[in-house]
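Engineer: coordinates only, no sequence provided:
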């Protein structure tokens, strides 16, 4: 890859991180608390609509991250702020493993947990599943933050 193409791939990669991880951050710290405060019991309806709009963006971001990440690895592109001689492959492996974990959590929530919550009628069970879903979103935010830290080190 030439320098310009590499720069475009890095930009696309970083933009996808902003969309996915930034979107999760916004949902956890802005949209959810604001909707609860303003709408009370109806907050779930708004968050369902937000999720419907955000999920496709997250899915496309995951696709772009996978393509650009693979291309950058194959290109041998690394630009870290911290010298980590000899540990680059370990750090890169950790990023990839954590990234796959994020992807698994994202698609588990969307394809399995979300529909299960929608089908559940018992209020106590529904609340438990919703709490699990929120905790998985928080887990993904934490994983995303760790991956970004590893990216800076790499």
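Structural biologist: Yes, it's here. All figures in this text were calculated on a predicted structure; none of them were measured in a lab.
Engineer: now the helix or strand harbouring residue 11: buried residues?
Structural biologist: Using DSSP states H and E, the element containing residue 11 is helix 3-26. For helix 3-26, burial by neighbour count (16 or more other Cβ atoms under 10 Å) applies to 6, 9, 10, 12, 13, 16, 17, 19, 20, 21, 23, 24. (C-beta placed from N, C-alpha, C; glycine too.)
Engineer: tell me the helix or strand right after that helix.
Structural biologist: By DSSP H and E, the next helix or strand past helix 3-26 is helix 32-39.
Engineer: and that following helix, what does it pack onto?
Structural biologist: If you count contacts as 3 or more Cβ pairs under 8 Å, 6 or more residues apart in numbering; DSSP states H and E, helix 32-39 packs onto helix 43-75.
Engineer: report the buried residues of the helix it packs on.
Structural biologist: 43, 46-47, 50-51, 54-55, 58, 61-62, 64-65, 68-69, 71-72.
Engineer: between the helix or strand just after it and helix 3-26, how many degrees?
Structural biologist: Counting by DSSP H and E, the next helix or strand C-terminal to helix 43-75 is helix 88-108. Orientation of helix 88-108 against helix 3-26 (axes from the mean of the first three to the mean of the last three Cα atoms, to 10 degrees) gives an angle of 50 degrees.
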